[in-house]
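*Asks:* please work out how this folds:
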Amino acid sequence: MATSTVSTGTSVLNVPNLVSSLMQVETVPLTKLDAQIKAVNTSVSALGGFRSKVTALQTALGALASADSFSTRATSSTNSTLLSATATTTALVGDLDVSVTQSAKRQQSLLTNADFTSTSALVGSGSLSIVTSNNVTGLSISTSSSDTLATLAAAVNIQGQQSVLTSTSFTSATSYVGAGSLIIGDNTISTSASTDTLSSLATSINADSSTYGVTAAVKQQNDGTWGLELTSTTSGGTFTAPTAIGAYTPTVVSTTAYVYGVTAAVVQQDAGVYGLMLTSTATGTANTFTVPTTVGSSTVASKTLAATDAALTVNGVAYTRGSNTFSSVLSGLTLNINEAVGSTTSTAITAAGVTTTATVASSVTSDSARITVAAQNSAAATAVQSMVTAYNDVITENQTLTKSSTDAATRGTLAGDTALPAFMTMVKTLFDAGAYDSAGTNVLWSTAGVSFQRNGTLSIDSTKLSTALSGDLGTILASGLLFGTTSSTTDLVARIYTENGGSGLLSTGQTGATSTLRLLNDKRAKLSTRLDLAQAAYTKKYAALDAMLTKMQQVSQDLAGSLDALSAQTK
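*Replies:* Numbers count the residues shown, from 1 in each chain. Below you'll find the model as predicted:
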């Protein structure tokens with residue numbers, strides 16, 4: 001509202017004071033409107049603060065409902081140098097006595113020739129043939145007169161795409177693939193339901209690997225399923241993994257792998273004595289290769305350390321694997337052998353074909369460890385505490401905002417509001433119903449040590465909580481906790497998300513208050529404009545009146561002066 005600037009110098013009327021007095025009456029509606037705006041602003045701010053605390057509760061509940069955070073158990077080993085373990089919550093809590101008799105090793109073959117006197121020693125025109133034992137046909141690397149040990153090693157070490165295609169329907173190498181096809185690039189292999197197996201399909205691919213651009217091997221995976229391992233035949237080669245094997249849709253895992261199934265390195269045995277060391281790319285007897293007898297045009301002697309499978313016993317039961325990872329021994333438990341154990345066979349073959357063998361023992365010939373699997377409750381307990389803290393912040397804020405009182409000074413900002421009580425009733429009802437998983441397993445929070453106090457807040461009995469986390473509550477957390485129901489679309493997390501957003505109770509309340517505030521501010525702007533016009537009109541009106549009165553006063557004064565002068569003349 002504007003302020004009058006009319007001067008009161010010789011005026012008859014004090015126009016500013018007169019206008020100010022009139023405007024005090026005119027601005028009474030504006031004062032009342034400002035009080036309304038302040039009250040609504042306070043409500044909007046209070047609702048916003050409450051919703052922020054609700055969002056924090058939603059976050060805490062969501063963290064507790066995240067199965068990934070609670071899907072492991074704690075493991076320890078009495079000899080972690082030898083053996084370690086990881087476990088999911090499906091693993092049974094307890095101790096396991098494990099004895100390791102053999103670790104898995106790769107095959108290594110050293111190829112030597114008297115002419116190999118340096119890394120740049122020429123190998124001559126010819127080839128290096130590598131035949132692996134995993135159903136891949138022999139691969140041959142041609143050599144020229146300019147090839148050396150170093151260039152040959154580099155050729156062996158080329159890498160390309162490798163894709164493993166598995167299916168639960170494939171239970172062995174002779175599993176039938178069904179009627180259908182296998183498409184590799186632009187090439188299609190038709191399959192028969194009565195004759196084609198994984199092995200026969202691999203044979204077909206390997207018979208024409210140059211056309212398909214891949215070789216194939218039949219492999220068993222750690223989960224017990226079987227499948228095809230396709231490997232590019234060119235360095236850096238890639239291909240589109242098939243989406244079908246015969247009649248089945250496989251699970252596909254793609255990696256980058258060594259094309260020839262081995263790696264090569266030039267090693268120096270002594271001054272002027274060099275050789276080509278071939279090493280299988282994976283451990284176990286399923287990943288061996290036939291030792292070459294020639295390198296280029298050179299006949300070579302060889303010394304081979306045989307590949308071995310890993311072997312151990314768990315509580316007296318024996319297990320073997322091609323790698324040092326045992327993932328299917330007991331439910332939810334994975335064991336890892338961390339150091340070389342046991343022995344392997346060393347085979348030496350001279351250039352003339354004379355063979356000798358020996359046993360090479362590792363520094364550790366046999367050893368044992370006790371693996372302990374225990375419930376891992378610390379992360380879960382922390383998440384429960386965060387939930388309780390967030391809930392208590394919400395309930396305390398609700399009690400403060402909705403407090404009833406005849407004293408305006410102590411009355412809650414949102415006293416009489418219906419949205420907050422309705423929201424809190426919904427929260428408490430679902431919370432009281434307890435923790436569920438999708439299968440219907442239920443644990444009441446009160447029995448898990450999380451209970452309501454007389455003031456409406458939650459408290460934790462850490463002893464009861466620890467017991468519950470080691471039992472059904474821990475199982476529920478690992479499978480995905482649901483609050484108050486078995487449905488993720490109607491549990492507490494989902495309901496809070498709904499009521500705190502979109503057209504929910506809380507968002508609607510704040511939206512309504514914000515809309516009211518906008519209308520009041522618009523009304524205030526219009527009223528303020530009207531008052532400015534009124535003040536200007538009052539100022540103009542009374543300034544004109546003052547000017548007229550001042551003029552009349554001056555005329556009166558002039559007339560009085562003239563009359564006084566006339567009177568003086570007649571005396």
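
*Asks:* average pLDDT for the helix or strand containing residue 508?
*Replies:* Counting by DSSP states H and E, the secondary-structure element that holds residue 508 is helix 505-570. In this model, helix 505-570 has an average pLDDT of 81.

*Asks:* how far does it sit from the chain's center?
*Replies:* Centroid displacement of helix 505-570 relative to its chain, using CA atoms, centre = their mean, to the nearest Å, is 68 Å.

*Asks:* which strands or helices does that helix pack on?
*Replies:* Packing contacts for helix 505-570, counted by 3 or more CB pairs under 8 Å, 6 or more residues apart in numbering; DSSP states H and E, involve helix 15-26, helix 28-64, helix 419-432, helix 492-499. To be clear about C-beta, it is placed using only N, CA and C from the backbone, and glycine gets the same treatment.

*Asks:* okay, these in a markdown table with mean neighbour count and distance to residue 479 next?
*Replies:* What follows is the helices and strands packed on helix 505-570, written out as a markdown table (neighbours: other CB atoms under 10 Å; distance: least, CB to CB, whole Å):
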| stretch | mean neighbour count | distance to residue 479 |
| --- | --- | --- |
| helix 15-26 | 16 | 70 |
| helix 28-64 | 17 | 13 |
| helix 419-432 | 17 | 19 |
| helix 492-499 | 21 | 15 |
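
*Asks:* out of these, nearest to residue 278?
*Replies:* Between residue 278 and the helices and strands packed on helix 505-570, the tightest spacing by CB to CB is seen for helix 28-64, at 51.0 Å.

*Asks:* could I get the average pLDDT for the closest one?
*Replies:* Computed over helix 28-64, the mean pLDDT rounds to 85.

*Asks:* measure stretch 168-182 end to end?
*Replies:* End-to-end distance for stretch 168-182, by CA to CA, to the nearest Å: 17 Å.

*Asks:* show me which positions of that stretch end up buried.
*Replies:* Burial within stretch 168-182, assessed by neighbour count using 16 or more other CB atoms under 10 Å, is assigned to 169-170, 173, 175-178, 180, 182.

*Asks:* can you check stretch 233-248 too?
*Replies:* 233, 239, 241-242, 244-246, 248.

*Asks:* for residue 185, which non-adjacent residue is closest in space?
*Replies:* Residue nearest to residue 185 in three dimensions, not counting chain neighbours: residue 239, with 5.8 Å by CB to CB, 6 or more residues apart in numbering.

*Asks:* closest one of the buried residues of stretch 233-248 to residue 490?
*Replies:* Taking CB to CB as the measure, residue 490 sits nearest to residue 248 out of these, at 37.5 Å.

*Asks:* show me the contacts for the closest one.
*Replies:* Residues counted as contacts of residue 248 (CB atoms under 8 Å, 6 or more residues apart in numbering) are 167, 169-170, 177-178, 180.

*Asks:* farthest pair in the residues you listed?
*Replies:* Across the contacts of residue 248, the longest distance by CB to CB is 13.6 Å; it joins 170 and 180.

*Asks:* which SS class is the most centrally placed residue in the chain?
*Replies:* Centroid check for the chain by CA atoms, centre = their mean gives residue 68 as the closest residue, at 8.8 Å. Following DSSP: H, G, I helix; E, B strand; the rest coil, residue 68 is assigned to helix.

*Asks:* quick one: it from residue 468, how far?
*Replies:* The spacing between residue 68 and residue 468, counted by CB to CB, to the nearest Å, is 20 Å.

*Asks:* next one: residue 195
*Replies:* When distances are taken as CB to CB, residue 195 and residue 468 turn out to be 57 Å apart.

*Asks:* what number of residues lie near the residue nearest to residue 367 when sequence neighbours are not counted?
*Replies:* Once its chain neighbours are removed from consideration, residue 367 has its nearest residue in residue 82; the separation is 5.1 Å (CB to CB, 6+ apart). Residues within reach of residue 82, counting by other CB atoms under 10 Å, total 19.

*Asks:* and if you look at residue 470?
*Replies:* Residue 470 has 16 neighbouring residues, counting by other CB under 10 Å.

*Asks:* please apply the same query to residue 383.
*Replies:* Using other CB under 10 Å, the number of residues around residue 383 comes to 20.

*Asks:* need the nearest residue in space to residue 452, chain neighbours excluded.
*Replies:* Counting by CB to CB, 6+ apart, the nearest residue to residue 452 once its immediate chain neighbours are dropped is residue 458, at 6.1 Å.

*Asks:* just the helices in the stretch 151-300 of the chain please.
*Replies:* If DSSP state H, counting those that start in this stretch is used as the criterion, the helices of the stretch 151-300 of the chain fall at 198-207, 209-212.

*Asks:* please identify which of the ones you listed is closest to residue 305.
*Replies:* Proximity to residue 305 (CB to CB) singles out helix 198-207 among the helices of the stretch 151-300 of the chain, at 27.3 Å.

*Asks:* circling back: neighbour count for residue 195 and residue 468, which is higher?
*Replies:* Here residue 195 and residue 468 are set side by side on neighbour count (other CB under 10 Å), and the busier one is residue 468, at 25 against 9.

*Asks:* now the helix or strand where that one lies: buried residues?
*Replies:* In this structure, residue 468 sits in helix 462-469 according to DSSP H and E. When neighbours are counted by 16+ other CB under 10 Å, the buried residues of helix 462-469 are found to be 465-469.

*Asks:* where does pLDDT dip in the stretch 101-250 of the chain?
*Replies:* Along the stretch 101-250 of the chain, the parts satisfying pLDDT under 70 run over 134-139, 222-223.
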